[in-house]
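# Starting from these lines, generate the structure:
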Amino acid sequence: MLESFLITLRETLEAALIVGIVYAYLKKTKKDHLNPYLYCGVLLALLCSIIVAAILQILYKGQEARGQQIFEGTVMVVASFFVATMVIWMWKSAKNIKKNIESRIDRMGRNNMAGIWILLFVFLMVFREGAETVLFLYGISFQSSFLPNIIGGILGVILAMLFGILIIKGSLMVDLKKFFVVTGSLLLFIVIELIAVAIHEFQEARLLMPASNGIFWDIQIWLASPDSGIITLLPIVVVPSIMIFFVAKHKEGMAKSELRSNVLVKFLALFLTIFMVLFALSVVASKEPGYNPKPIKLASVNTEIQIPIKNITENITKFVYNLDGVDIRFILVRASDGTIKSALDACRICGPIGFEQVGDKIVCRRCGVETEINDIGKDESCNPIPLETAINSKYVVIQVKNFRKDMYIWTDY
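Have a look, this model is predicted:
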């Protein structure tokens, strides 16, 4: 929700400013008859943005599991590239954005096809923002659920439109150059986070080598985990809000209506800051603790391990077996359909850090990726590594030799 809120707020504000500048200039130069072209450009850009979103969804759904991982990683790389280039462009052009747009509209207005040129100009400018928004939202949607993204996106659009209207009306005296430089710099956090997640997706698809030990991999995995979201996004939302609150100035001779608008936008900025801080605290406070039982030591009899079925419940039970001096952990748990699921307490991406149980899911303790208990046994993504077992009327039976092929997880990490 936070990511989608920030992205739509930032991108919609940019689009609203562009449209508002064009609208204000047409009104100032008494060319209101060209407004329908302006509206058509906006609507056409929104329609094309929706088409881009639909195409991405069709391409994604048509892939197998590994193809989806590659697709996700690719979208995130492309999105991070657009974010970075957008930030650089804003750094260069923020100071003169209003002047540049007005000069372009002035040149177009002298042409017999002024309406068509304005339509194309607005379409290209707004579609660029819309396409970037679709890519960004699609990139983060792989890491979060659909409904919170929609809610965050809608809230971001509404707030951005309000801010945009107030800025264009002149009631909010914000230095646009400083505003876009600051917000652009903070958005680089999203670039880094998207790249980190893309690396993780390519690792899951086995296009890149798995993570290893070391500070680089620890940071990369943390950035790709859900835990990093609230911490990295808190300053990205709060800092611009505080900036708006303190930078918004009163003009001498400002009308009462403008004063009220200025007070309103300051109130919104303050409310947004307080909301974000409280929301972050509530997320931290409400986080459900994971269940990570101490492993039970086992010994083998005649090259096999036997574990009574009656001891296996819907809560994970961890075991450890020492093979040639190497402690190998594994998990047994009863799924919702009554079957017993077995897996090593490790994954091929993050190594032997292991898993903990949260509700009806198990969660990688290194990267935070969740796996449904019913999906244990699938050798894909960041799932626990499958462990071959046999089940009779009384016991879960594991051959010692079944541990050997994946011993490298404990010896190479």
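
# Quick one: low-confidence residue ranges for the stretch 201-350 of the chain.
The model of the stretch 201-350 of the chain has pLDDT under 70 over residues 226-227, 229-230, 232-233, 236-237, 240, 244-262, 265, 283.

# is it true that Gly354 touches Asp327?
No. Using Cβ atoms under 8 Å, Gly354 makes no contact with Asp327, being 11.6 Å away. To be clear about C-beta, it is placed using only N, CA and C from the backbone, and glycine gets the same treatment.

# Which of the two has more residues huddled nearby?
Gly354 (20 against 12; other Cβ atoms under 10 Å).

# what sits against the closest residue to that one other than its chain neighbours?
Leaving aside its sequence neighbours, Gly354 sits nearest to Asp345 (Cβ to Cβ, 6 or more residues apart in numbering; 4.3 Å). Neighbouring residues of Asp345 by Cβ atoms under 8 Å, 6 or more residues apart in numbering: 295, 318, 329-331, 352, 354-355, 384.

# just Gly359 next, same as before
If you count contacts by Cβ under 8 Å, 6+ apart, Gly359 has them with Glu288.

# and it, what are its phi and psi?
Backbone geometry at Gly359, expressed as degrees, to the nearest 10, gives phi 70, psi -130.

# Show me which parts of the helix or strand containing Leu47 are buried, residue by residue.
Using DSSP states H and E, Leu47 sits within helix 35-61. Residues 37-38, 40-42, 44-45, 48-49, 52-53, 56, 60 are the ones in helix 35-61 that count as buried (16 or more other Cβ atoms under 10 Å).

# mind putting those residues in JSON lines, pLDDT included?
Compiled in JSON lines, the buried residues of helix 35-61 are given as follows (pLDDT from 0 to 100):
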{"residue": "Tyr37", "pLDDT": "84"}
{"residue": "Leu38", "pLDDT": "83"}
{"residue": "Cys40", "pLDDT": "90"}
{"residue": "Gly41", "pLDDT": "87"}
{"residue": "Val42", "pLDDT": "84"}
{"residue": "Leu44", "pLDDT": "90"}
{"residue": "Ala45", "pLDDT": "85"}
{"residue": "Cys48", "pLDDT": "85"}
{"residue": "Ser49", "pLDDT": "79"}
{"residue": "Val52", "pLDDT": "79"}
{"residue": "Ala53", "pLDDT": "75"}
{"residue": "Leu56", "pLDDT": "75"}
{"residue": "Tyr60", "pLDDT": "70"}
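
# Helix 35-61 and whichever helix or strand comes after the helix holding Leu47, what's the angle between them?
Next helix or strand after helix 35-61 toward the C-terminus (DSSP H and E): helix 65-93. Orientation of helix 65-93 against helix 35-61 (axes from the mean of the first three to the mean of the last three Cα atoms, to 10 degrees) gives an angle of 150 degrees.

# Helix 65-93 - contacts with which helices or strands?
With contacts taken as 3 or more Cβ pairs under 8 Å, 6 or more residues apart in numbering; DSSP states H and E, helix 65-93 sits against helix 35-61, helix 114-141, helix 176-204.

# could I get those as JSON lines with distance to Val301?
Listed next are the helices and strands packed on helix 65-93 as JSON lines, based on distance: least, Cβ to Cβ, whole Å:
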{"stretch": "helix 35-61", "distance to Val301": "49"}
{"stretch": "helix 114-141", "distance to Val301": "50"}
{"stretch": "helix 176-204", "distance to Val301": "37"}
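
# Between the ones you listed, which has the poorest mean confidence score?
Confidence, taken as mean pLDDT, is least for helix 114-141 of the helices and strands packed on helix 65-93 (a mean of 72).

# And it, how far out from the chain middle?
In terms of Cα atoms, centre = their mean, to the nearest Å, the centre of helix 114-141 is found 20 Å from the chain centre.

# Next: stretch 355-364.
Offset of stretch 355-364 from its chain centre (Cα atoms, centre = their mean): 21 Å.

# List the buried residues for that stretch?
Within stretch 355-364, the residues that count as buried by 16+ other Cβ under 10 Å are 355-357, 361-364.

# Name the pair among these with the greatest separation in space.
Taking Cβ to Cβ, the two most distant members of these are Gln357 and Cys364; they sit 11.7 Å apart.

# Give me the phi and psi for Ser381.
Backbone torsions of Ser381, given as degrees, to the nearest 10, read phi 50, psi -140.

# From Leu323, how far off is the residue of the chain positioned farthest from its centre?
In the chain, the residue that sits farthest from the middle, by Cα atoms, centre = their mean, is Asn302; the gap is 50.3 Å. Going from Asn302 to Leu323 by Cβ to Cβ, to the nearest Å gives 15 Å.

# Kindly report the same for Ile195.
Plainly put, Ile195 is 38 Å away from Leu323 if you go by Cβ to Cβ.

# Scan the contacts of Asp345 and report the most crowded one.
Using other Cβ under 10 Å as the neighbour criterion, Phe355 leads the contacts of Asp345 with 30 neighbours.

# What's the per-residue pLDDT of the closest residue to Asp375 other than its chain neighbours here?
Nearest residue to Asp375, sequence neighbours excluded (Cβ to Cβ, 6+ apart): Asn383, at 6.6 Å. Confidence at Asn383, expressed as pLDDT, is 86.

# my read: Asn383 touches Glu370, true?
No. Using Cβ under 8 Å as the test, Asn383 is too far from Glu370 to be in contact (9.9 Å).

# Compare neighbour counts for these two and give me the winner.
Shown here are Asn383 and Glu370; by other Cβ under 10 Å, Asn383 has more neighbours (23 against 16).

# How is that one classified with respect to secondary structure?
Look at Asn383: counting by DSSP: H, G, I helix; E, B strand; the rest coil, its state is coil.
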